[in-house]
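>>> sequence and predicted structure, then a few things I'm wondering about:
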Amino acid sequence: MLLIKDHWTNEDILPFQIYLKSLSKGKAKSDWESKIINTKLECIAVPSCEIKKISNQIYKGNYLEFINLWIWENYSNTAIIGNLISKIKDFNLFKKYLNIYSKKCDNWATCDILKFNVNKQNKHLFFDLASEYVKSSNTFVKRIGIRILFNFIKDEEYIEKIFNILNQFYNENQYYVNMANAWLLCECWIKQKEKTLKFFNNNKLNNFTINKAISKCRDSFRVSSDDKEYLLKFKK
């Protein structure tokens, strides 16, 4: 199917869906994908490498018109939309589309597929967006906000602000939010160990998040054996 197009219309939806489903790895793989992703969307098991190729081809044409079709029929469609939104460089346009996309997310994978074009000029805008998203009542909007924060771990201007945001989750009970926070804290230890050590000594995070962060550190090849043993003292 021709994917580099000057115009996308509603008439293109059915041929695109037929093409996409032709790339499926079958029912057994689809059932496995559904179980792993834990989504209400249909799963058709299109390999991630094919999703990436399709997204890259669509991006070479009028990709915004494709996004504006908002095809939510299955997880593979949603993954393509997420890939395309990630390619938007203009922050205001990116935010416009992300606000729509984020409210349709019902699983961790549609959050984690996103990438964020953070640079010196727009980093304050992205941090403000993350700060806004983490206050949402929607589990997966929160997770997207946390994922944005990964881009700020190495930034001395923002690392303490990340810890302040983490402390806001002391009563969090959503599994996919707590897991994202544990992952974030693990990355903080790897990239900002001394500051993160102080946070481990004095924080408001729930036991699950602290313990899962320690577990992730202990599983990482980027954490020394001595640090893996030392971190056990913070286990709750």
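Yes, it's here. Numbering: from 1, shown residues only.

>>> every contact and neighbour count from this point should use C-alpha atoms.
Noted.

>>> and the contacts of the helix or strand hosting A130?
Per DSSP states H and E: A130 is located in helix 123-133. The contact list for helix 123-133 (Cα atoms under 8 Å, 6 or more residues apart in numbering) reads F91, V118, V141, K142, I144, G145, I146, I148, L149, I165.

>>> which of these are buried, as a ChimeraX select command?
Filtering these down to the buried ones (16 or more other Cα atoms under 10 Å) takes a single ChimeraX command:
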select :118,141,142,144,145,146,148,149,165
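
>>> dump the contacts of helix 123-133 into CSV; add distance to D106, pLDDT and secondary structure as well.
Below are the contacts of helix 123-133 laid out as CSV (distance: Cα to Cα, whole Å; pLDDT from 0 to 100; DSSP: H, G, I helix; E, B strand; the rest coil):
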residue, distance to D106, pLDDT, secondary structure
F91, 24, 98, helix
V118, 25, 97, coil
V141, 9, 98, helix
K142, 12, 98, helix
I144, 11, 98, helix
G145, 15, 98, helix
I146, 16, 98, helix
I148, 18, 98, helix
L149, 20, 98, helix
I165, 23, 97, helix
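
>>> so which of the contacts of helix 123-133 comes closest to S76?
I144 (18.5 Å; Cα to Cα).

>>> distance of that closest one from F208?
20 Å (Cα to Cα, to the nearest Å).

>>> go on, A109?
Taking Cα to Cα as the measure, A109 falls 21 Å from F208.

>>> buried sites along stretch 168-181?
Those buried within stretch 168-181 under the rule 16+ other Cα under 10 Å are F169, V177, N178, M179, A180, N181.

>>> which residues are contacting the longest helix anywhere in the chain?
Looking across the chain with DSSP state H, the single longest helix is helix 175-191. With contact meaning Cα under 8 Å, 6+ apart, helix 175-191 is reached by 108, 139-140, 142-143, 146-147, 149-150, 153-154, 166, 172, 196-197, 208-210, 212-214, 216-217, 222-223.

>>> show me the residues you listed that map onto helices.
108, 139-140, 142-143, 146-147, 149, 166, 196-197, 208-210, 212-214, 216-217.

>>> just the buried residues out of these, in ChimeraX syntax.
Buried residues within the ones in helices among the contacts of helix 175-191, by 16+ other Cα under 10 Å, are selected in ChimeraX with:
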select :108,139,140,142,143,146,147,149,166,196,208,209,210,212,213,214,216,217
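
>>> off-centre distance for the longest helix of the chain?
When distances are taken as Cα atoms, centre = their mean, to the nearest Å, helix 175-191 is centred 12 Å away from the chain's centroid.

>>> domain map for this protein?
Using automatic domain parsing, the domains assigned to the chain come out as 1-90, 116-236.

>>> which of those sits closest to Y97?
Closest of the domains of the chain to Y97 is domain 1-90, at 6.7 Å (criterion: Cα to Cα).

>>> ok so, going back, and S102, which of the domains of the chain is closest to it?
Of the domains of the chain, the one closest to S102 (Cα to Cα) turns out to be domain 116-236, at 5.5 Å.

>>> show the end-to-end separation of the closest one, please.
The first and final residues of domain 116-236 sit 33 Å from each other (Cα to Cα).

>>> pLDDT (mean, whole number) over stretch 217-226?
What stretch 217-226 shows for mean pLDDT is 96.
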